[in-house]
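> return atomic coordinates for the entry below.
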Amino acid sequence: MKILILLSLLTSQICFGAVVTKEVEYKDGDKTFEGLLVRPDKVKGDLPVIVMIHNWKGVSDETKTQATRFAELGYLVFAADIYGKGVRPQDSKDAGQAAGIYKNNRALYRQRLNLGLQTALAQPYADATRAAVVGYCFGGTGAIELARSGAPLKAVVSFHGGLDSPTPADGANIKAPVLALQGADDPYVPAKDIAAFEAEMKSNHVQYRLIRYPHAVHSFTEKGAGNDNSKGAAYNESADKRSFAEAKKFLAENLKK
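Numbers count the residues shown, from 1 in each chain. Below is the predicted model:
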């Protein structure tokens, strides 16, 4: 299906130190989406692009926080909106329902992911030849799904994402190396899913690396998740810093000119 993208950069700009953020509206048919663009304040030439995929709460303050971390490294970061403008779940029940739509319909998920990628590459200063995807939780699953769709990516990073492999043959479409950063004690990513992910990567000869951080559970990069591992999702400062360092190195290696 041909996707028509309509971009509308809102006039308001908010500076976060050395970065600038802009809300970006775009469309697929009659449905409107609202992503977030975060880039360095001072730009000389085109920048490598990171498409960021939000967690199950949609584009939120947490998304902005993570996007800013990468934009401060010199990337043009576009946080894609998978759910649609105004769909921002406020509790776990609503978030689970929203995320479930796409986990159960991977074709629709890939359509929304590719729409986000196309929108990112259409932004001013975007170097369309150097694009990566970074996702968190629900978005970590999305990062791998975008790669499975055959998208022209240079790097794929999944932070505490779902690693199930519903269509293993689609791994043959992956064109970029994959970095999966997981909590070793994450109750939401069972051993069978990890095994399926690794089997898919190996059988399709995908270059990948899986790192599991000890004593870390789901959402280990999110400070708002608290620090109680017994809840299954909690912030882990060590895992957060170490995983970000790994992602930083991985992206630098794969997005260089």
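
> may I ask you to name the longest helix in the chain?
Taking DSSP state H as the criterion, the chain has its longest helix at helix 237-255.

> buried residues, it. List them.
Buried positions in helix 237-255, judged by neighbour count with 16 or more other CB atoms under 10 Å: 239-240, 242-244, 246-247, 250-251, 254-255. For glycine as for every other residue, the C-beta is placed from the backbone atoms N, C-alpha and C.

> can you give me the helices in the chain?
Under DSSP H, the chain gives helices at 61-71, 92-103, 106-121, 138-148, 191-203, 237-255.

> tell me who's in contact with the closest residue in space to residue 164 that isn't next to it in sequence.
In this structure, residue 164 finds its nearest non-sequential neighbour in residue 193, 4.5 Å apart by CB to CB, 6 or more residues apart in numbering. For residue 193, the contact set (CB atoms under 8 Å, 6 or more residues apart in numbering) comprises 162-165.

> check what pLDDT the nearest residue to residue 18 once chain neighbours are set aside gets.
Spatial nearest neighbour of residue 18, chain neighbours left out: residue 41 (5.3 Å); criterion: CB to CB, 6+ apart. Looking at residue 41, its pLDDT reads 92.

> next one: phi and psi at residue 41?
Backbone torsions of residue 41, given as degrees, to the nearest 10, read phi -60, psi -40.

> that one - how many residues pack around it?
For residue 41, the neighbour count with other CB atoms under 10 Å is 13.

> from residue 153, how far out is the residue nearest the centre of the chain?
Geometric centre of the chain, nearest residue: residue 135, 2.0 Å, by CA atoms, centre = their mean. Separation of residue 135 from residue 153 (CB to CB, to the nearest Å) stands at 12 Å.

> ok, now residue 143?
Distance of residue 143 to residue 153, given as CB to CB: 9 Å.

> likewise for residue 34?
Residue 34 is 23 Å from residue 153, by CB to CB.

> for this structure, which residues score under the pLDDT cut-off?
For the chain, the stretches flagged by pLDDT under 70 are 1-17.

> skipping adjacent residues, who's closest to residue 153 in space?
residue 176 (4.3 Å).

> what's the neighbour count on the one you found?
Residue 176 - counted by other CB under 10 Å - has 21 other residues nearby.

> please report the distance of it from residue 254.
Taken as CB to CB, the span from residue 176 to residue 254 is 7 Å.

> show me whatever sits in contact with both of those two.
Common neighbours of residue 176 and residue 254 (criterion: CB under 8 Å, 6+ apart): 132, 154-155.

> so which of the residues you listed belong to strands?
Secondary structure defined by DSSP state E assigns 132, 155 of those to strands.

> which of the shared contacts of residue 176 and residue 254 tops the neighbour count?
Neighbour-wise, those (other CB under 10 Å) top out at residue 132, 27 neighbours.

> spatially nearest residue to it (excluding sequence neighbours)?
Sequence neighbours aside, residue 155 is the residue nearest to residue 132 in space, at 3.9 Å (criterion: CB to CB, 6+ apart).

> thought the one you found was touching residue 175?
No: at 10.3 Å, residue 155 does not count as touching residue 175 under the criterion of CB atoms under 8 Å.

> ok so, going back, out of the buried residues of helix 237-255, which comes closest to residue 220?
Among the buried residues of helix 237-255, residue 239 lies closest to residue 220 (CB to CB), at 4.3 Å.

> where's the closest one relative to residue 140, distance?
Per CB to CB, residue 239 is found 14 Å from residue 140.

> before we move on, back to that, the contacts of residue 193 in strands, which ones?
Reading strands off those, I find no matches (DSSP E).

> can you select the buried ones from those in ChimeraX?
Selection of buried members from the contacts of residue 193 for ChimeraX, criterion 16+ other CB under 10 Å:
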select :162,163,164,165
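
> which residues does residue 78 contact?
By CB under 8 Å, 6+ apart, the contact list for residue 78 reads 24, 35-38, 49-52, 116, 119-120, 123.
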